[in-house]
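Asker: Sequence isn't available, so here's the structure alone:
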C-alpha cells in the first residue's frame, strides 16, 4: 500500500498543527519519528545528557531552596505548636486543609489520564500519562504532608491507624476524617504501583542503554529483570488493565471522600449534597491545568514537542473547558439550592461568600475558574502555547482560592454572629504554602532528569510501524499481508 | 541481510568453565509483522519452550503464540473479596463488638456509640471497606503479575547478549530454548533462518 503524502498545517508559532479532525483518518500522534529507535533516542536523551539544561539546574536549585524553607517552617511549627498559624476559634481549618484539598485535587488528572482515558482507549494519553502520573504521586505527597502536620501533636499521628495499643483505643470509623486517611493512603499506594508498573519496560530500556556502572545497576535493579517476553507482556497488559479498572472508581472515590469531610458536617456552606461530584470535577479541572502548566515548559526544555504535540495539549484544554463549565454550574447550583432550601443560614452563607469579608477571594475564584477558561472556546487560544500556559496558571490560582473560599468563609461566619471572626494568614502559613510548591517542583524536576518522562513502550505501540503489517506509514490501515493476524489486533489492548 | 552468528571455536577448545551450556537459539527480526509470522510458524512446529520478546506488546501475538488467558483476574477477584471482608471485620471489631481476640497481640474491640448510629452501622463502614478492597486488589495485581512472570530476577541468559539489548529499543526476538523436546541445534537453526530474521544467535546459559 502506498503512503499518502501528509499535508501539514502549521500554527503561527511554527509548530505542526495536527489538531484538525479528518473523518475516517487517525490523527498523527507522534510527529517526525518514523522508527521506534527515534522515539527511544528522543526520550532517553533527556536522562542520558551529561548535563541537564541550565534552566533545569536553576529551577532545581530554586525549588530545593523552597523545599528547605518548607522543612524549616514545618520544624518551627512542630517545635512551637499550631499557634504559629493564623487559625482562631471559628476558623480551625484554613491554609492547611486548603493546601491539602488543592494538592489532592491536582493528583486527580494523573489518574484520570492513566486510568480512565486508558479504559476509553484514548491513544493520545500515552504521550502524557507518565509525567501526569508522576505529578499525581508528588501532589499526593504534598497533600499528605498537611493533615499530618495540622493535627497539633504530630508525634501522635499513628492514632490515625487502627493499631493495637495499651489503652485499647480504636479510631472512630464513622468519621469521614478517618475515611479520608484510608482513601488518601490507598490512593497514594495504588498510584505509585500504577506508575511503577507502567515504567518497568522503560526502565529496562534505560538499563540496556546505560554505559556507566551506576546507571546499569540502578536502572537494572528497578527494571526487575524485564526482558520484553511476550508471555510476560500478556500478564503485564492484563495487570495494567486491572489496575486501570481499579483506579477508575478509586479516583472518583478519593475526592468524594475528601468532600465528605465537609459535606457530612452540619455547617452551612459545607452541608451540601452536590459536593462529591463537584469536588471530583474541580479536581480534574485543576489537575489538567497543572498538567498543562508542567507540559508546556517540559516539552520545550527537553525537546519533546513531536511527542507531546499541540493536539495533546489542545485535548487537555478541551477537558479544562468542560470541567471548568461543570465547576461553574456547581457554583450556580449551590446558590440556587441555598435559595430553594429556604434555610436562612444556608442563604446567608452564600451571600456572605460573594459579598462578605472574603468577597475578593470569591471573585478571584469565579474569574479564574469560570470566566477565563471560556477563552478556550477559541481554537486560536486552545492551540496557542502562551495562551494555554497563562490560562492554566489562572486555573491553578482559582482552584486554590476555591478551597480557601469553601473552607474559610463557611467557618468564619457560621450560625452565631457572636462567634464570628476573621482569619488572616501568618508568614508561616504563607511560606509553608510556597514551600509545598518547592517540594512538588523538586520532585518533578528530579523525575524529569532521572526517569523516562514519556512512556516509550506505549508510544511505540501507537506508532503506525507497530501495526502488525509492519510497513509503517499512513495511518496503519494498510497491508494485505496480515491474513494470519488477528483482525482486531490493531484496535485492541493497550494502546 | 541474514548472518548466522555462532561461536567460531569448536566445542573441544577452551576450558570447560568458559563455555556455558546452550540456553537456546535467538532470531532477531526488524518488524513486529515478521515476528508475528515467525511465531505462527514456530507454534505450528509444536515447540513448547519458546518465547517472543519485543519492546512493546505486539498485538495478535497472543494468538500467534497460542498463549492461554492468564488466571490473574481470578486471583485479583479473590484479593478484592478478601479486602472487603477485612475492611468489614476491622471496623465491626474495633467499633461495634467487644470481644477479645489474638491478632499478634491480644486486642479487645470497643462498642463505640457515637452520632446516634447503631453499633453495626454498615453505611458508615462502606468507604473504608471500598478502599481496602481496592488496596488489596491493586497490590495483589502487581505482585501476582510479577510472581507469575518470575520477576524480579537479577539475571537471565538472554540479558548477556549484546544483540538482545535492542529488545527494549526497536528489535523483535524469537527465542527457542534448548530444553524443548523438539529442539535440535541444526534443525532449529535452519527453521529460524527460514523465517527471514536479521540474525540468528546462539545464547549460552
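Answerer: On my side now, so go ahead. Predicted, not measured: the structure shown is a model, and the values here were computed from it.
Asker: Let me know the helix or strand that the nearest residue to residue A:126 once chain neighbours are set aside is in.
Answerer: Nearest non-adjacent residue to residue A:126, counting by C-beta to C-beta, 6 or more residues apart in numbering or on different chains: residue A:458, 4.0 Å away. Every residue, glycine included, has its C-beta placed from N, CA and C. For residue A:458, the host element (DSSP states H and E) is helix A:456-461.
Asker: List of residues touching that helix?
Answerer: A:30, A:36, A:39-40, A:43-44, A:126-127, A:129, A:198, A:201-202, A:205, A:307, A:466, A:494-495, B:55-57, B:170 (C-beta atoms under 8 Å, 6 or more residues apart in numbering or on different chains).
Asker: Next, work out how far apart the residue of chain B found nearest chain A and residue A:210 are.
Answerer: Of all residues in chain B, residue B:33 sits closest to chain A, at 2.7 Å by C-beta to the nearest C-beta. Distance from residue B:33 to residue A:210, counting by C-beta to C-beta, to the nearest Å: 30 Å.
Asker: picking that back up, tell me how many other residues crowd the residue nearest to residue A:126.
Answerer: Residue A:458 has 23 neighbours, counted by other C-beta atoms under 10 Å in any protein chain shown.
Asker: Do you know the pLDDT at it?
Answerer: pLDDT for residue A:458: 90.
Asker: where along chain B do the helices fall?
Answerer: Here chain B has its helices, by DSSP state H, at B:32-45, B:61-65, B:72-95, B:122-148, B:185-193.
Asker: same thing with the stretch 1-150 of chain A?
Answerer: A:36-48, A:54-80, A:95-111, A:117-119, A:125-150 (DSSP state H, counting those that start in this stretch).
Asker: Let me see the contact set for the residue nearest the centre of chain B.
Answerer: By C-alpha atoms, centre = their mean, chain B has its centre lying nearest to residue B:149, at 2.3 Å. If a contact means C-beta under 8 Å, 6+ apart, then residue B:149 has A:229, A:231-232, A:235-236 as its contacts.
Asker: Between helix A:95-111 and the helix or strand that contains residue A:390, find me the angle.
Answerer: Using DSSP H and E, residue A:390 sits within helix A:385-404. Following axes from the mean of the first three to the mean of the last three C-alpha atoms, to 10 degrees, one obtains 130 degrees for the angle between helix A:385-404 and helix A:95-111.
Asker: Looking at the stretch 251-400 of chain A, which residue is nearest chain B?
Answerer: residue A:257 (5.6 Å).
Asker: who touches that residue in this structure?
Answerer: Applying C-beta under 8 Å, 6+ apart, the residues near residue A:257 are A:176, A:179-180, A:183, B:127.
Asker: let's see it at 6 Å
Answerer: A:179-180, A:183, B:127 (C-beta atoms under 6 Å, 6 or more residues apart in numbering or on different chains).
Asker: which two from these end up farthest apart in space?
Answerer: Farthest apart among these by C-beta to C-beta are A:180 and B:127. That separation is 8.8 Å.
Asker: count of residues packed around residue A:104?
Answerer: 31.
Asker: any idea how far residue A:328 is from the closest residue in space to it that isn't next to it in sequence?
Answerer: Using C-beta to C-beta, 6+ apart and skipping the chain neighbours, the partner closest in space to residue A:104 is residue A:143 (4.3 Å). Separation of residue A:143 from residue A:328 (C-beta to C-beta): 25 Å.
Asker: which of those two has more neighbours?
Answerer: Using other C-beta under 10 Å, the more surrounded residue of residue A:143 and residue A:328 is residue A:143, with 25 against 18.
Asker: Tell me how far that one lies from residue A:287.
Answerer: From residue A:143 to residue A:287 the distance is 12 Å (C-beta to C-beta).
Asker: quick one: contacts for residue A:414?
Answerer: Residue A:414 touches residue A:267, counting by C-beta under 6 Å, 6+ apart.
Asker: what about 7 Å?
Answerer: A:90, A:267-268 (C-beta atoms under 7 Å, 6 or more residues apart in numbering or on different chains).
Asker: Buried subset of the residues you listed, written for PyMOL?
Answerer: To isolate the buried members of those in PyMOL, using 16 or more other C-beta atoms under 10 Å in any protein chain shown:
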select buried, chain A and resi 90+267+268
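Asker: so which of the contacts of residue A:414 are also by chain B?
Answerer: For chain B, no contacts are drawn from the contacts of residue A:414 by C-beta under 7 Å from any C-beta of the partner chain.
Asker: any chance of the contacts of residue A:414 in JSON lines, plus pLDDT?
Answerer: Shown next, in JSON lines, are these (pLDDT from 0 to 100):
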{"residue": "A:90", "pLDDT": "91"}
{"residue": "A:267", "pLDDT": "91"}
{"residue": "A:268", "pLDDT": "91"}
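Asker: Give me the phi and psi for the closest residue in space to residue B:120 that isn't next to it in sequence.
Answerer: Distances taken as C-beta to C-beta, 6+ apart place residue B:96 nearest to residue B:120, at 4.7 Å, with adjacent residues excluded. With angles defined as degrees, to the nearest 10, residue B:96 sits at phi -130, psi -30.
Asker: From residue B:122, how far out is residue B:96?
Answerer: 10 Å.
Asker: how much distance is there from stretch A:20-35 to the middle of the chain?
Answerer: 26 Å (C-alpha atoms, centre = their mean, to the nearest Å).
Asker: Oops, could you answer that again for stretch B:121-128 instead?
Answerer: That offset, for stretch B:121-128, works out to 36 Å (C-alpha atoms, centre = their mean).
Asker: cool, and stretch A:178-197?
Answerer: 14 Å.
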